[in-house]
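Q: With the sequence up front, the predicted model follows.
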Amino acid sequence: QAASSVTMYGRADVAYSKTTGSSLMQSGGGETRLGIKGQEDLGNGLAATFQLEGRFDLDTGAKTANRSFFDRESTVGLKGSFGHVRLGRSISMMDRGIAFVNVGRRATDLQAYASATRHSNGLFYTYANGPYEFGADVTTKGSYNEGQSGSTDDGVIGQKPAFGAYGKYSANGLTVGLAYQADGKKAAKTIAKEFGAALSYKINPVTLGVSYAQGNDNVVGSKAKSRIWEASASIAATADDTINLIYRNDRRKNTVGAVTAAYKRQTAYGLGYIHTLSKRTSIYADVARTKDTVANTKATTWDLALRHNF
Amino acid sequence: QAASSVTMYGRADVAYSKTTGSSLMQSGGGETRLGIKGQEDLGNGLAATFQLEGRFDLDTGAKTANRSFFDRESTVGLKGSFGHVRLGRSISMMDRGIAFVNVGRRATDLQAYASATRHSNGLFYTYANGPYEFGADVTTKGSYNEGQSGSTDDGVIGQKPAFGAYGKYSANGLTVGLAYQADGKKAAKTIAKEFGAALSYKINPVTLGVSYAQGNDNVVGSKAKSRIWEASASIAATADDTINLIYRNDRRKNTVGAVTAAYKRQTAYGLGYIHTLSKRTSIYADVARTKDTVANTKATTWDLALRHNF
Amino acid sequence: QAASSVTMYGRADVAYSKTTGSSLMQSGGGETRLGIKGQEDLGNGLAATFQLEGRFDLDTGAKTANRSFFDRESTVGLKGSFGHVRLGRSISMMDRGIAFVNVGRRATDLQAYASATRHSNGLFYTYANGPYEFGADVTTKGSYNEGQSGSTDDGVIGQKPAFGAYGKYSANGLTVGLAYQADGKKAAKTIAKEFGAALSYKINPVTLGVSYAQGNDNVVGSKAKSRIWEASASIAATADDTINLIYRNDRRKNTVGAVTAAYKRQTAYGLGYIHTLSKRTSIYADVARTKDTVANTKATTWDLALRHNF
């Protein structure tokens, strides 16, 4: 039964980091990963695939808290000329469609959208053909975040399925992406529905990126809107040195009903530097400045980290 | 130290399923497995073995709840002409002796007996010679289910060891099995002692099976008896298509003392279809109808699933 | 990304054991391990390393309780002519410097010192050159035991970093070690600061060892001191049979303030026997006698175990 096609892979990554008002910490931050994947040729261009990948905190060796064991990917699927169909837990559509403009790591990893990064209990479809890429997913009712802490909505009456779709075009240094995503939970949700667009363009040695995402919440008695702008520049200073600049503007405001605590008017600036020791190993440093005019907070976070992919 | 003989293996399996009164769910159901095993030749026909295998829910990537990490198998052992001795947690004797008649998956996986499928803290012995197979196990006191949720009986005074034995004969399409098992826990047990017999016969393209298991409980102030009949037919319709039919009659009644909530008079019918895409990959569908005249419940469950062994 | 240099390794070990006043148990005891490690050559004698290793209880297949998943080692590092720098969770300095005199397993595994065996959130440095070996570590504030049960001190104001250093010399059968270690936690600590020295000498077929460790606590309102003497003899009776003798004297007394429950005056004697079936597989037996004149307890523990390294 055991097949030679099973591959174990992963990442070991740990940082020293400091945020305004806190002491210096060594941070695992869920950046360490362990995965197992494989593919079986079924003939006629058809293949069976599976992938299991979870995140860990390298500073303590702990499984990252409030995450299912294989929270990053847990799928079995079939792949062919028709595309790739996967069942289980995988990356959701906003992330597939527009996250490519977010070039930062750790402190400068400023998420370009507000909806969930993964969906559980999903059917995932992706298709790529030359410069075109397309995907869509749908989950069973109330289940998009099942397996995470505090999620008890799976199959509950009145809950909704999560779903999404994205399209992407890449050619001659230009990448354009569009995405739509609805997270199916009814109560205590942050972003219920969100769409976004992103564009990046590579003029050697610089890659410029910009994205916009807009989300809507419809909690009982209140309606709210979020808007996230992100711009980035990734500069390949030498063959081994990259400098990343990222700006994000994240505004969430209520249009009907009371302002909830989660709502914010935040601007963030990030500067990152990556020095590669090999294709798999790098040392990197980040500094990010975040300012929130609703919470009236300002914070600067920096980190210095070592990353090894295996 | 690291040896090339270490093999990682497993199964990725997820289903869409629906039971009467519930909404459609994507179900991991503990059908996904990850295992590590190895064997070392010690000379003179002797070998050291180890195996670690746990179950996961593919729909969310979670470790299956209330299960120890390597709950399916966790043993180290020695193997030779005398047979195979293993220590740790492994499959108990009713499962080894009579479960072969249960050919179903998921909804149609109607367990042919009522005692525990695994024993923890056990000494396991198996011996095979030509058509004959024999095995026995014994655990330390009160420990058969240690490592599972709510089990705190390990080594507690007054607890009993679990034990069992089975024999099997297979030749010319005929398989006959006999088994006895006692689960050692004193309180809150379901089945304390159980014996069973099973027979299957292959007349191409059909394999017919029948089993009977009878268990006894002796909780303070009450005595109870359970009887499980199972019959199955597995039809190899084509080289890639199998149809399974399963019937189970599960009766548990008190002979002394009050009827407890767990007791039932249940009949279940299952119909399963498996289409193999390769030796390791299959698509399958099941429908099962369960009727309980004590609880006065009827339910139909169906599932549609994808399974890949690696 | 996936590299062939990733190695999975580990140990499967389970014992029958009995302590005075308890019934016979099958004990996993955290002796089972599973690890993943790798190394990447970066050129110029530089290499990237990672290692993830956790402990399990083989008797039930459970992850050992109150331990982070990869609690034995969780590091990423760089290695070169300058030595080896690792970040994350690893073995602390008393263990590296003086634990080599403790030759016992399970019941006879009488720890030669009292401070923590691992530090989380640490920077670890080791250097070896011919007969000399040297190492040092430092953690961020209050974090030495982060990831273990009940540890919430990481980054808390007023907490202290943990640190340590050791040196070792090995030549012509003689090994000498010196170590110092401070565990950084402020409250509820057992040993805050400890130093130790150890020596072993091999006169075939006997290896003799002796160590001394002295620790200090400074909890608010009380001061205490601990002193641990250990002596051992390891006798290679045949190529496959080893007999170990271990004596430990562990005294902890308050110098200021009230005597706390943890404090003791303990003597322990151990006798162990190891029969190797191969380099990787062994059967072993231990008996240890512990006497505490503060708690006024005496106990004898014995075990019989099977160990397989893979």
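A: Here it is on my side, so go on.
Q: Tell me where chain A has helices.
A: Counting by DSSP state H, chain A has helices at residues A:93-98.
Q: Residues of the stretch 201-310 of chain A that sit close to chain C?
A: Counting by Cβ under 8 Å from any Cβ of the partner chain, the positions of the stretch 201-310 of chain A adjacent to chain C are A:277-278, A:280-281, A:306-310. No exception for glycine: its C-beta is placed from N, CA and C like everyone else's.
Q: repeat that with 10 Å
A: Taking Cβ under 10 Å from any Cβ of the partner chain as the criterion, the stretch 201-310 of chain A approaches chain C at residues A:276-283, A:305-310.
Q: try the stretch 1-150 of chain A
A: A:7-19, A:22-28, A:32, A:34-35, A:37, A:54, A:56-64, A:69.
Q: Mind checking which of those land in strands?
A: Of those, the ones assigned to strands by DSSP state E are A:7-19, A:25-27, A:32, A:34-35, A:37, A:54, A:56-57, A:62-63.
Q: Residue A:303 bridge partners, please.
A: Assessed by DSSP bridges, residue A:303 has beta-bridge partners residue A:17, residue A:286.
Q: can I assume residue A:245 is in contact with residue A:234?
A: Yes: counting by Cβ atoms under 10 Å, residue A:234 is a contact partner of residue A:245 at 7.9 Å.
Q: Those two: which has the busier surroundings?
A: Using other Cβ atoms under 10 Å in any protein chain shown as the criterion, residue A:245 and residue A:234 rank with residue A:234 on top: 21 against 18.
Q: what would the residues of the stretch 201-310 of chain A next to chain C look like in a markdown table with pLDDT, neighbour count and distance to chain B?
A: Shown next, in a markdown table, are these (pLDDT from 0 to 100; neighbours: other Cβ atoms under 10 Å in any protein chain shown; distance: Cβ to the nearest Cβ, whole Å):
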| residue | pLDDT | neighbour count | distance to chain B |
| --- | --- | --- | --- |
| A:276 | 98 | 17 | 28 |
| A:277 | 97 | 19 | 25 |
| A:278 | 96 | 16 | 23 |
| A:279 | 95 | 9 | 24 |
| A:280 | 96 | 18 | 20 |
| A:281 | 98 | 23 | 21 |
| A:282 | 98 | 21 | 27 |
| A:283 | 98 | 14 | 28 |
| A:305 | 98 | 25 | 25 |
| A:306 | 98 | 25 | 24 |
| A:307 | 98 | 24 | 23 |
| A:308 | 98 | 26 | 19 |
| A:309 | 97 | 20 | 19 |
| A:310 | 96 | 25 | 15 |
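Q: Inside strands: which ones of these?
A: Those of these lying in strands (DSSP E): A:276, A:281-283, A:305-309.
Q: show me where the stretch 201-310 of chain A has strands.
A: A:206-217, A:223-236, A:241-256, A:265-276, A:281-292, A:297-309 (DSSP state E, counting those that start in this stretch).
Q: Redo those strands as JSON lines? Include distance to residue C:91.
A: Shown next, in JSON lines, are those (distance: least, Cβ to Cβ, whole Å):
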{"stretch": "strand A:206-217", "distance to residue C:91": "43"}
{"stretch": "strand A:223-236", "distance to residue C:91": "39"}
{"stretch": "strand A:241-256", "distance to residue C:91": "34"}
{"stretch": "strand A:265-276", "distance to residue C:91": "29"}
{"stretch": "strand A:281-292", "distance to residue C:91": "23"}
{"stretch": "strand A:297-309", "distance to residue C:91": "19"}
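Q: dump the residue contacts of residue A:161.
A: A:119, A:121-123, A:137-144, A:182-184, B:23-24 (Cβ atoms under 10 Å, 6 or more residues apart in numbering or on different chains).
Q: ok, back up a step: please indicate which of the residues of the stretch 1-150 of chain A next to chain C are buried?
A: A:7-19, A:23, A:25-28, A:32, A:34-35, A:37, A:54, A:56-64, A:69 (16 or more other Cβ atoms under 10 Å in any protein chain shown).
Q: can I have stretch A:302-310 written out in PDB, keeping just the CAs?
A: Provided in PDB are the C-alpha atoms of stretch A:302-310 (Å, rounded to 0.1, in the frame of the first residue of the first chain):
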ATOM      1  CA  TRP A 302       9.900  44.600  14.000                       C
ATOM      2  CA  ASP A 303      11.300  41.200  13.600                       C
ATOM      3  CA  LEU A 304      14.500  39.400  12.600                       C
ATOM      4  CA  ALA A 305      14.000  35.800  11.500                       C
ATOM      5  CA  LEU A 306      15.500  32.700  10.000                       C
ATOM      6  CA  ARG A 307      13.500  30.500   7.600                       C
ATOM      7  CA  HIS A 308      14.400  27.100   6.100                       C
ATOM      8  CA  ASN A 309      12.100  25.300   3.700                       C
ATOM      9  CA  PHE A 310      12.500  21.500   3.500                       C
END
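Q: Return the set of buried residues in the lowest-mean-pLDDT helix or strand in chain A.
A: One helix or strand of chain A scores below all others by mean pLDDT, DSSP states H and E: strand A:241-256, with a mean of 90. Applying a neighbour-count criterion of 16+ other Cβ under 10 Å, one finds A:242, A:244-246, A:248, A:250-252 buried in strand A:241-256.
Q: My read is that residue A:180 contacts residue A:162, right?
A: No: no contact is recorded between residue A:180 and residue A:162 when judged using Cβ under 10 Å, the distance being 11.6 Å.
Q: what about those two, which has more around it?
A: Taking other Cβ under 10 Å, residue A:180 and residue A:162 do not tie; residue A:162 has more neighbours (28 against 18).
Q: how close does that one sit to chain B?
A: 12 Å (Cβ to the nearest Cβ, to the nearest Å).
Q: residue contacts, that residue?
A: Taking Cβ under 10 Å, 6+ apart, one finds A:92-93, A:115-116, A:119-122, A:137-145, A:181-185, A:192 in contact with residue A:162.
Q: what do you get for residue A:64?
A: So residue A:64 contacts A:28-33, A:54-57, A:71-72, C:69 (Cβ under 10 Å, 6+ apart).
Q: filter those down to the ones close to chain B.
A: A:54, A:71-72, C:69.
Q: residues in contact with the closest residue to residue A:269 other than its chain neighbours?
A: What sits nearest to residue A:269 in space, not counting adjacent residues and going by Cβ to Cβ, 6 or more residues apart in numbering or on different chains, is residue A:289, at 4.9 Å. Contact analysis of residue A:289 by Cβ under 10 Å, 6+ apart lists A:20, A:107, A:267-271, A:298-302.
Q: 8 Å instead, please
A: A:268-270, A:298-300 (Cβ atoms under 8 Å, 6 or more residues apart in numbering or on different chains).
Q: Most neighbours among the residues you listed, please name it.
A: residue A:270 (25 neighbours).
Q: measure the closest residue to that residue other than its chain neighbours to chain B for me?
A: Distances taken as Cβ to Cβ, 6+ apart place residue A:108 nearest to residue A:270, at 3.3 Å, with adjacent residues excluded. Counting by Cβ to the nearest Cβ, the gap between residue A:108 and chain B amounts to 27 Å.
Q: And for residue A:108, the neighbour number?
A: Around residue A:108 there are 27 residues (other Cβ under 10 Å).
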